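1. using only what follows, build the 3D model:
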Amino acid sequence: MYQSLDFHFVLDYFIKLLPFVRISLVIVVCSVALGLVAGFIVALPRLYSIPVLQRVSQLYASFFRGTPILIQLFLIYYLLPELLKLVGADVTRAPALVFVIIAYGLHNAAFVSEGIRAAVSAVDRGQVEAGYALGMTGRQAFFRIVFPQALAIAMPILGNLVIATLKDTSLAFTLGVMELSGKAQTLPLMSQRFMETYIALAIIYYLISLVLEKLFRRAELRLLRHELPDDVINRRGVIGRLLSKRRGQLAKGGAENVH
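-> Numbers count the residues shown, from 1 in each chain. I've put the predicted structure just below:
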């Protein structure tokens with residue numbers, strides 16, 4: 001039977017879904033942290049052109065970028081325990097949440113590695129050579145010259161990755177993890193108010209995404225603060241042009257690496 005939209009149910013379900021935001025955020029934070037570490041490791045062979053490992057890195061990135069995250073979730077959940085049994089490790093009793101975090105972390109690592117590679121390549125090589133001329137070691141040149149600029153360039157990519165991961169957590173329910181979307185599917189079973197539930201769910205996802213977008217925007221501007229004059233640091237036009245320039249450098253760097 002058709003039921004008209006009732007905003008009282010929207011508010012009620014909104015409040016009932018809020019406690020499950022924590023599970024979704026745990027997945028996002030842990031998987032992004034894992035993805036950053038693994039992505040940096042995966043990017044190194046391609047940055048330094050290590051022959052065999054470079055091909056392995058390319059294959060890894062190609063696989064995780066070219067297959068659906070849902071398939072990757074099932075592969076990690078069912079295949080990883082079987083592989084670990086070969087070395088005598090039994091993880092069959094591990095919570096499904098652990099496998100979800102690992103799957104999202106490995107998935108994110110593929111995109112992080114590409115972002116790191118493109119961001120580092122976008123930094124002017126002449127600046128590094130100038131650092132060497134001043135007596136810097138390779139490590140000093142990387143952390144004092146390359147890393148700060150590459151981080152600023154990669155910040156929009158990292159922000160998009162975090163928001164995309166937040167939305168992808170809706171698939172964790174397929175492995176039995178009761179996060180936001182999982183709870184939203186079971187909450188209205190008695191009342192049959194599915195429309196109100198999904199409206200409340202959409203509002204929560206949207207609000208979290210807005211907050212994350214603002215945070216990464218602030219972080220990006222902070223990283224670029226030394227490249228802006230003090231009297232125009234808060235002018236959106238100048239900031240917009242600078243960010244566009246940075247993103248153009250990133251796109252150019254990625255295109256050159258493809259060729």
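2. any idea how far the residue nearest the centre of the chain lies from Gln149?
-> Geometric centre of the chain, nearest residue: Leu161, 2.9 Å, by C-alpha atoms, centre = their mean. From Leu161 across to Gln149, the span is 19 Å (C-beta to C-beta, to the nearest Å). C-betas here are computed from N, CA, C, even on glycine.
3. next, Leu189: phi, psi?
-> phi -60, psi -40 (degrees, to the nearest 10).
4. residues near it, how many?
-> Neighbour count of Leu189, defined by other C-beta atoms under 10 Å: 10.
5. and it, how far is that from Phe216?
-> For Leu189 relative to Phe216 (C-beta to C-beta), the value is 37 Å.
6. could you find the closest non-adjacent residue to Asn108?
-> Distance criterion C-beta to C-beta, 6 or more residues apart in numbering; nearest residue to Asn108, sequence neighbours excluded, is Gly35 at 2.8 Å.
7. for this protein, which spans come out with low pLDDT?
-> 1-3, 226-259 (pLDDT under 70).
8. related to what we said a few turns ago, wait, the residue nearest to the centre of the chain touches Leu36, no?
-> No - using C-beta atoms under 8 Å, Leu161 is not in contact with Leu36; the gap is 9.4 Å.
9. now do the shared contacts for the two.
-> Between them, Leu161 and Leu36 share these contacting residues under C-beta atoms under 8 Å, 6 or more residues apart in numbering: Asn108, Val112.
10. before we move on, the earlier item: measure the residue nearest to Asn108 to Ala109 for me?
-> Taking C-beta to C-beta, one finds Gly35 at 5 Å from Ala109.
11. now do Glu82
-> 22 Å.
12. between those two, point out the one with more neighbours.
-> Per other C-beta under 10 Å, whichever of Glu82 and Ala109 has more neighbours is Ala109, with 25 against 10.
13. for that one, helix, strand, or coil?
-> helix (DSSP: H, G, I helix; E, B strand; the rest coil).
14. buried sites along the helix or strand encompassing Arg46?
-> Remark: Arg46 resides in helix 21-47, with elements defined by DSSP states H and E. Within helix 21-47, the residues scored as buried using 16 or more other C-beta atoms under 10 Å are 21, 23-24, 26-28, 30-32, 34-36, 38-39, 42-47.
15. what strand or helix carries Leu59?
-> helix 51-66.
16. please identify the buried residues of that helix?
-> Buried residues in helix 51-66 (16+ other C-beta under 10 Å): Ser57, Tyr60, Ala61, Phe64.
17. that one vs helix 21-47, what angle?
-> Using axes from the mean of the first three to the mean of the last three C-alpha atoms, to 10 degrees, the inter-axis angle of helix 51-66 relative to helix 21-47 is 140 degrees.
18. report the distance from helix 51-66 to the chain centre.
-> Distance, stretch centre to chain centre, for helix 51-66: 18 Å (C-alpha atoms, centre = their mean, to the nearest Å).
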